[in-house]
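Novice: using only what follows, build the 3D model:
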Amino acid sequence: MSAHTDGHFSSRIGFIMAAAGSAVGVGNIWGFPTQAATHGGGAFLLVYVLLIILLGYPMLMAELMVGRHGQTNPADAMAKLGRNKLSQNIGKTIGLISIITATLICTFYSILSGWFISFALAPIAEIAQQPNIAHWLTDFSISRNLTFTLVFICLVILVIRQGIQNGIERWSKRLMPMLLLMLIGGAAYILSQPGAITGLKVLLVPDFSMVFHTDVLVSALGQTFFSLSVGTGAMMVYGAYLNKQENLSQLTAYVTLTDTMVAFLAALMIIPAMYVAQHNGVQIFADDGSLLNSDTLVFTVLPALFDSIGGMSQYLLAIVFFALMTIAGLTSAMSIVEVPTSYIVEKTSIKRGKATLIVGTVIAVIASFIVFNFSALFGFIITMTTERAQPLIALGIAIFMGWVWHRNDLLAEIAQQDGVNQNSLFWRVWQVYVKYVCPLLIIVIIMQLFS
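Specialist: The predicted model follows:
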């Protein structure tokens, strides 16, 4: 049974919104500013933009192409590229690892996004003069963490049960424009505050001496893959729901641009916000100049900043910001949960509604386990999936794309697209690029990770 039975995206804009929604998530709004603030602002931004062009864009296109060629889940799509039993099995294994990675990413994602929901509700409790409830909502208790992790997982399941067009596409089309408007409004407001210009300089003026620092390069690469959802199988699944005629180079460019724009807008809001908070007397840097609580930056600096503004607007700002984060979490989680769901639907006779419940339950069980063993597991799962597994999966995809997939089949796949000449310079360069340059770049960075 192929993915065809599950529907396709009904429109180009629907696909772009869904794919950008998958790409635009907590990684952009939460990860990117934190990484940029920790790794020298402008230098990090410069390296990140370069890596998006050199690696993010070609790898995203490769994943979409593998998915569209296979018209099925990541494991079978990768196996279809193999020429013999051995390479088919290796392909299947890479695909399966991406499905498992996607499921694990969803566990910490659900915990994080649960916090966003509770932080969005806390100001409402404050306005309603319920200080105890407000305290519980922002307190780091097991009961709070567990409750909102499960609430978030339920929200994701509700959307995915409705399928591609009625669920993922419809909600992405609604949520993404909202996200963009809120970000632009947020950035404009923060930039008008005293102290913001210092933050703007930190973000926009690169310190060139930091550009080649190992940790800047490694974190920028991890951020590139994480923010574009490369190596989770999500883009292969979305590729499977695309028509064969769609021009992938253009579509990928739209998705990459939207994604990078959102990451930049988020940094434009959050990094100046840090300096506004500092201007208002909130401590954000330790004595040695390093960021305090870089992991919980968004839960410490921003609420402190909102509080320092005072009046009714502090509550409104907090509600808007954390609602924004919840939306970002939701659009990403939808695509990631779709990965194991599509696999179950295709491999068994289980209907979509039931499959989403099974996947949701598995994620809920693992996420609950992480909540109860938080200090030991939370950071470990994040590092294992985003810094270790995703680059390795991307390497596997690049090698399969360049070395295993038969060149004639690849050319045929390229030629099916509307208005595409497979002999044009772009497509000729792209094939060579994915074959030689992408694997090399990824290997160099993976070696830095494990050294």
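Novice: run a quick neighbour tally on Phe212.
Specialist: By the measure other CB atoms under 10 Å, the count of residues near Phe212 is 10. For the C-beta atoms, the positions are set from N, CA and C on the backbone; glycine is no exception.
Novice: the one 10 residues further on now?
Specialist: The number of residues packed near Gly222 is 22, by other CB under 10 Å.
Novice: separation between it and Val298?
Specialist: With distances taken as CB to CB, to the nearest Å, Gly222 is found 18 Å from Val298.
Novice: ok, Gln250 next?
Specialist: According to CB to CB, Gln250 and Val298 sit 34 Å apart.
Novice: pLDDT below threshold where in the chain?
Specialist: 1-7, 23, 27, 163-165, 167, 286, 288-297, 449, 451 (pLDDT under 70).
Novice: can you tell me the SS state at the residue of the chain positioned farthest from its centre?
Specialist: Note on the chain: the largest C-alpha distance from the chain mean falls to Gln129, namely 36.0 Å (CA atoms, centre = their mean). Following DSSP: H, G, I helix; E, B strand; the rest coil, we place Gln129 in the coil state.
Novice: what about it, distance to Met312?
Specialist: Where Met312 is concerned, Gln129 sits at a distance of 14 Å (CB to CB).
Novice: now Gly21
Specialist: Gly21 is 31 Å from Met312, by CB to CB.
Novice: okay, these two: which has more neighbours?
Specialist: Counted by other CB under 10 Å, Gly21 and Met312 do not tie: Gly21 has more neighbours, with 30 against 10.
Novice: shouldn't the more buried one be in contact with Met178?
Specialist: No: Gly21 is not in contact with Met178 according to CB atoms under 8 Å; the separation is 10.9 Å.
Novice: same for the helix or strand harbouring Asn408, what does it pack against?
Specialist: Assigned by DSSP states H and E, Asn408 belongs to helix 407-415. Under the contact criterion of 3 or more CB pairs under 8 Å, 6 or more residues apart in numbering; DSSP states H and E, helix 407-415 touches helix 57-70, helix 425-432.
Novice: which non-adjacent residue is nearest Thr214?
Specialist: Nearest residue to Thr214, sequence neighbours excluded (CB to CB, 6 or more residues apart in numbering): Gln448, at 5.3 Å.
Novice: related to what we said a few turns ago, mean neighbour count, the helices and strands packed on helix 407-415: which tops it?
Specialist: helix 57-70 (a mean of 25; mean count of other CB atoms under 10 Å).
Novice: then that helix to CSV, C-alphas only?
Specialist: C-alpha atoms of helix 57-70 as CSV (Å, rounded to 0.1, in the frame of the first residue of the first chain):
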residue,chain,number,x,y,z
TYR,A,57,19.4,23.4,0.7
PRO,A,58,21.0,20.5,-1.4
MET,A,59,20.3,17.9,1.4
LEU,A,60,16.7,19.1,1.9
MET,A,61,16.2,18.7,-1.9
ALA,A,62,17.8,15.2,-1.8
GLU,A,63,15.4,14.1,1.0
LEU,A,64,12.3,15.4,-0.8
MET,A,65,13.5,13.7,-4.0
VAL,A,66,14.0,10.3,-2.3
GLY,A,67,10.6,10.6,-0.8
ARG,A,68,8.9,11.6,-4.0
HIS,A,69,10.6,8.9,-5.9
GLY,A,70,9.6,6.2,-3.4
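Novice: following element in sequence after that helix, please.
Specialist: Assigned by DSSP H and E, the successor of helix 57-70 is helix 74-79.
Novice: and that following helix, C-alpha only, in CSV?
Specialist: C-alpha atoms of helix 74-79 as CSV (Å, rounded to 0.1, in the frame of the first residue of the first chain):
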residue,chain,number,x,y,z
PRO,A,74,11.4,6.6,4.6
ALA,A,75,12.5,2.9,5.2
ASP,A,76,11.0,1.7,1.9
ALA,A,77,11.8,4.8,0.0
MET,A,78,15.5,4.4,0.9
ALA,A,79,15.4,0.6,0.1
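Novice: and that helix, how far out from the chain's middle?
Specialist: 21 Å (CA atoms, centre = their mean, to the nearest Å).
Novice: tell me which strands and helices it is in contact with?
Specialist: Looks like helix 74-79 contacts helix 57-70, helix 85-127, helix 234-240, helix 311-347 (3+ CB pairs under 8 Å, 6+ apart).
Novice: any chance of these in TSV, with distance to Phe44 too?
Specialist: Formatted as TSV, these follow (distance: least, CB to CB, whole Å):
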stretch	distance to Phe44
helix 57-70	19
helix 85-127	21
helix 234-240	24
helix 311-347	20
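Novice: tell me which of the ones you listed sits nearest to Ser209.
Specialist: For the helices and strands packed on helix 74-79, the distance to Ser209 is smallest for helix 57-70, at 27.4 Å, taking CB to CB.
Novice: show me what that closest one is packed up against.
Specialist: Checking 3+ CB pairs under 8 Å, 6+ apart, helix 57-70 ends up next to helix 74-79, helix 214-228, helix 234-240, helix 248-279, helix 390-399, helix 407-415, helix 438-450.
Novice: tell me what angle that helix forms with helix 248-279.
Specialist: Using axes from the mean of the first three to the mean of the last three CA atoms, to 10 degrees, the direction of helix 57-70 lies 130 degrees away from that of helix 248-279.
Novice: quick one: helix 57-70 to helix 438-450, angle?
Specialist: Between helix 57-70 and helix 438-450, the angle comes out at 120 degrees (the same axes, to 10 degrees).
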